Structure formats: structure tokens, C-alpha cells
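Colleague: can't give you the sequence, but here's the structure:
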């Protein structure tokens, strides 16, 4: 299925000369020599943003200056505000705006950015990108720690550049890592002792039962919610330690975590709950894209670093269960929540209290919240990666369903569940519209990978159109904004994910021209 012609035409650059002009703007606007990227607006946009970050986005606040990168930077004046405008903070961060890391740095949320810095240096870009990543990692691992030795990163903690110390999100000083497959190898190279301490701490503080693999998203050593998207991160940390050390107990630990959710599946459907020991809460009784998305993707990464087929087999089983049960062929859409017997949850009004975050009805393709229960675009990425690792035609058919789902929601916009609230809190979002950087990046990357599988020009066109729109809406003075309706570069809006996707588009074009 190709995009509506009118939509393609409204966001594609009219001619190569305009693309070249855009690249020249990026090259000329910044001081000093730059890589020649005049014919590559995507890589030019990446370099421009990295240069802005390295020139103006480091921690130059408070008595102690560090090479760590600030999570929020005002693109109008290159400053990192101590108290940024609230804007969509209460909605996107689920009432916890401290999760945006105001006035500070969070190495966990910058894991995708670390990959960008290394990838650019490794492909002919300035070596200062790699050096900046190393300096950031070394500094954060040295000074951003909790009293119990765990790193002050994740969804609750960050390093406050103004106060020169650890700060939490106002809810609690918990170590909680979610969603991102971390760059453990890269960080190990910088400080292996600090990484060993961190991953050992995950085993001792997050894994509540060392026999069954029961885990808790918090590091308090108690039983708690065993969310799928944190469990996947734990498994990937252990699998990475196995590759780095070849110590067999790490592989065994990774397998126990992988088997925890799988062991709680409904045998009739193979659907696993998001948090198996969540009691009477809805996440203990329903399957969301947290399972076939971040969790399955992490298990596929475990397979990539260990070669053990158990991780791939469990990940593919989670993905296939979702594809079978969640898809509505008549509507051409996936359901957002399933009971474990496969029954979809119909569209419901928002609940009260914590229930307000439960998804229902069809999937919201461009979700607004950072850490809730909808990760459709990550689920799409996991599906196409599973096909790349297995060649299973059922997975490629599933990826095409995801493509249909995403195309049905073009052009990108604020997700429907929280659109009214976001537009009220951030009036410019309505006029500017578009998705968050994370949404653009994951959708672009998905279509790049789908095109590699299908060689369908429509998939390539979709990737290019989304990439062009994201540049048009989010680039300002070389910076990349988290959303077109706000004046900030924001790490937690997924700018690093978007930069990675632009590099993938650049590589796709280069491969086609060879």
C-alpha cells in the first residue's frame, strides 16, 4: 500500500537542489570545518545536531563542569534551563515532569545517542564524536551514583548539572531501567569495573528470586511489579555480560529472566501479561505491546550477543502470539490490549487513578506517554528484526500488517488518547502538529528495514517521506527538537532514536546508488 499522493507531495523536498541547499545551511551555519555532506541532508542534520550538542549542550552549570550532555536544551539560545517550561511534561511523563531530567543529564536515556556518536565517527565523521561519548560515559559512571552503588539513571533518577548531584523525579530515588537495549559493550570499554558493579547490582537488587527469575522494576530488593520492558533490559544486561566475560552464570541468569514472562503465558494463546505478579491490577491480566515490543526486542538483542536460540525462540513466540490475536483484518488495525485468552479490550473511557494509563480499543500509533503501555512502533521494529534473524514468512507478513497500521495513521500527529490534553498544555503543538522525535525515528527505521526485506518502492518512499517531514518540522538552528510544538531539544523525546534513523536513511540511499 502506498501513501496518499497528496501527503507525499506536501512533505517531500521538491528537488535535489533544495536538499542541497538545506545541507549547505547546516554546513555553513556552524563554526569550523565540517564533513562534506552537501548531497546528504539526513547525515548533515545528524552532524549539525551533534555539533550543537558538543559545542553548547554539555554540563557547564554549577561549580563542577562535566562533559556530560544535558537532557533539555533551549534551541533558541543554546542554554539548558534549570526549570524548563512545563508544556507537555505532566502528560508525557505521567504526572512526573522530573522524568524529563530538567537541568540535568541521564546516560540511560542517551543510550541511542551514544550509538549515533560512535556510528558517525566510525563512518568517517569527526573523531570528537566518539571522544565525546567516551568522556560522557566516564564522567557519568564515576559521579552519578546512588548510595547503594547503582547508577543514577533510568526513569526516576538523573544527574543534576546545576546542583552537581543526583536528583530524583519527585516520586522516589529508585533505579529503574526501561525500554532501551543499553550499549553495555561500549560502556564496558570505558570502565569495566563500574559496569560490572552495575550489572551485579541488577542481579542482587532487582532479581527477587534467583531460582525462578522473578524480578522487580525497582532496586529495593522487594517484590514489586515485574514489568516486561524492565525485565527485557535485565536479560540484555546479563546476556551482554556473558559476551564480555564468557562467565557462564551470566547466560544462565539472562535465560531465567527471559523465561519468567514466557512461563506466565496463557497456554491457549501464548499471550503473556505485562506484569505477572501485579495482583489485581490490569497489567497482571492483560497483554500489551510492552511484551511483543520492548521485551521481545531485548530478547532478540540477547540472541544477537549470545547466539543462544532460546532468546530468539521466546521472542518470536511472543511476537507471533500478538500477531495472531491482536490483528483486526477488517479494520486493518491492531488492538491495544488483550485479555490473556485473546479477547480484545474495546475502546473505553479513561479510568480513574492508575487505570487512566490503560490502553483500549485500537492501538494509538503515535503514543504520547514515555513509560506507559503502548509501544506499537517498537513492536513493529521487533517484528521486522525477528524476520531478519529468522527468515520466517509469518513475521514478514506481520511486519506488513504493522506497515498498514502505521500508514493508516499518516500524517503523524499527537496520539489520540492525550491529544486534547497536550494541545491545551502546549498550544503550539496543535498548529505545528507532527509526532515526537521518537515516533518519527522508530517509524522511519521500521520502513527502512521493511524495504530491505520487500524491495517495495512504497516502503522506501514512506521512510523518505517521514524522514523529510521530521527534518522539516524538528530542525531549528541545527538542533533537533523533541516535538515541533516546543522550543526544546529533549533527550526523553527520543532525539537520539531519530538521529539513528536518519543515518539509516542515508545508508539506504547510498546502497541504492551503488
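Modeller: Perfect, I can see it now. Computed from a prediction, not measured in an experiment: that's the story for all the values here.
Colleague: where in this protein is pLDDT low?
Modeller: Low-confidence segments of the chain (pLDDT under 70): 1-38, 514.
Colleague: list the contacts for residue 147?
Modeller: Residue 147 makes contact with no residue, according to Cβ atoms under 8 Å, 6 or more residues apart in numbering. C-betas here are computed from N, CA, C, even on glycine.
Colleague: Quickly note the distance from it to residue 166.
Modeller: 9 Å (Cβ to Cβ, to the nearest Å).
Colleague: do residue 394 as well
Modeller: In terms of Cβ to Cβ, residue 394 sits 46 Å off from residue 166.
Colleague: Those two: which is more packed in?
Modeller: Neighbour count, other Cβ atoms under 10 Å: between residue 394 and residue 166, residue 166 has more, with 19 against 16.
Colleague: Ramachandran coordinates for the nearest residue to that one once chain neighbours are set aside?
Modeller: Closest residue to residue 166 in three dimensions, ignoring its sequence neighbours and counting by Cβ to Cβ, 6 or more residues apart in numbering: residue 152, at 4.1 Å. When quoted as degrees, to the nearest 10, the phi and psi of residue 152 stand at phi -90, psi 70.
Colleague: Hmm, residue 152 is touching residue 141, no?
Modeller: No - counting by Cβ atoms under 8 Å, residue 152 does not reach residue 141; the two are 10.5 Å apart.
Colleague: more crowded one of the two?
Modeller: residue 152 (25 against 20).
Colleague: who's in contact with that one?
Modeller: Contacts of residue 152 by Cβ under 8 Å, 6+ apart are 144-146, 158-159, 166, 175.
Colleague: Pull out the buried residues from those residues.
Modeller: 144-146, 158-159, 166, 175 (16 or more other Cβ atoms under 10 Å).
Colleague: Quick one: those as CSV, columns for distance to residue 323 too.
Modeller: Shown next, in CSV, are the buried ones among the contacts of residue 152 (distance: Cβ to Cβ, whole Å):
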residue, distance to residue 323
144, 40
145, 42
146, 40
158, 36
159, 40
166, 42
175, 34
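Colleague: What about those residues, which are in helices?
Modeller: Using DSSP state H, no member of the buried ones among the contacts of residue 152 falls within helices.
Colleague: Out of those residues, which is nearest to residue 494?
Modeller: Closest approach between the buried ones among the contacts of residue 152 and residue 494, by Cβ to Cβ: residue 158, at 16.2 Å.
Colleague: The closest one pairs with what?
Modeller: residue 167 (DSSP bridges).
Colleague: got the contact list for it?
Modeller: Residue 158 neighbours (Cβ under 8 Å, 6+ apart): 71, 101, 104-106, 144, 152, 166-167.
Colleague: one more time with 10 Å
Modeller: If a contact means Cβ atoms under 10 Å, 6 or more residues apart in numbering, then residue 158 has 68, 71, 98-109, 140, 144, 152, 166-169, 491-492 as its contacts.
Colleague: Please flag which of the residues you listed sit within strands.
Modeller: Counting by DSSP state E, the part of those found in strands is 68, 104-105, 166-168.
Colleague: Could I get the contacting residues of the residue nearest to residue 344 when sequence neighbours are not counted?
Modeller: Sequence neighbours aside, residue 335 is the residue nearest to residue 344 in space, at 3.7 Å (criterion: Cβ to Cβ, 6+ apart). Contacts for residue 335 (Cβ under 10 Å, 6+ apart) come out as 287-289, 322, 325-328, 342-347, 359-363.
Colleague: Tell me the spacing between residue 63 and residue 164.
Modeller: 6 Å.
Colleague: Residue 322 now?
Modeller: Taken as Cβ to Cβ, the span from residue 322 to residue 164 is 45 Å.
Colleague: For residue 438, which non-adjacent residue is closest in space?
Modeller: Nearest residue to residue 438 in three dimensions, chain neighbours excluded: residue 494, at 2.4 Å (Cβ to Cβ, 6+ apart).
Colleague: Kindly tell me how buried the one you found is, as a neighbour count.
Modeller: 27.
Colleague: surely it meets residue 444?
Modeller: No - judged on Cβ atoms under 10 Å, residue 494 makes no contact with residue 444 at a distance of 11.5 Å.
Colleague: What segments of the stretch 301-450 of the chain are strands?
Modeller: Using DSSP state E, counting those that start in this stretch, the strands of the stretch 301-450 of the chain run over 327-328, 333-334, 338-339.
Colleague: Tell me the strands beside the first one, with direction?
Modeller: To tie it back to what came earlier, the one meant is strand 327-328. strand 333-334 (antiparallel).
Colleague: Now do the partner strand: everything it contacts.
Modeller: Applying Cβ under 10 Å, 6+ apart, the external contacts of strand 333-334 come out as 289, 292, 322-323, 325-328, 344, 361-363, 365, 376, 379-380, 398, 401-402, 404-405, 408-409.
Colleague: try it again with 8 Å
Modeller: 289, 322, 326-328, 362-363, 376, 401-402, 405, 408.
Colleague: Now for those: which two are most distant?
Modeller: That would be 322 and 408, which, of the contacts of strand 333-334, are the farthest apart (Cβ to Cβ) at 17.7 Å.
Colleague: So between these two, which is more surrounded?
Modeller: residue 322 (28 against 13).
Colleague: Identify the residue nearest that one in space, chain neighbours excluded?
Modeller: With Cβ to Cβ, 6+ apart, the residue lying closest to residue 322 is residue 292, at 3.8 Å.
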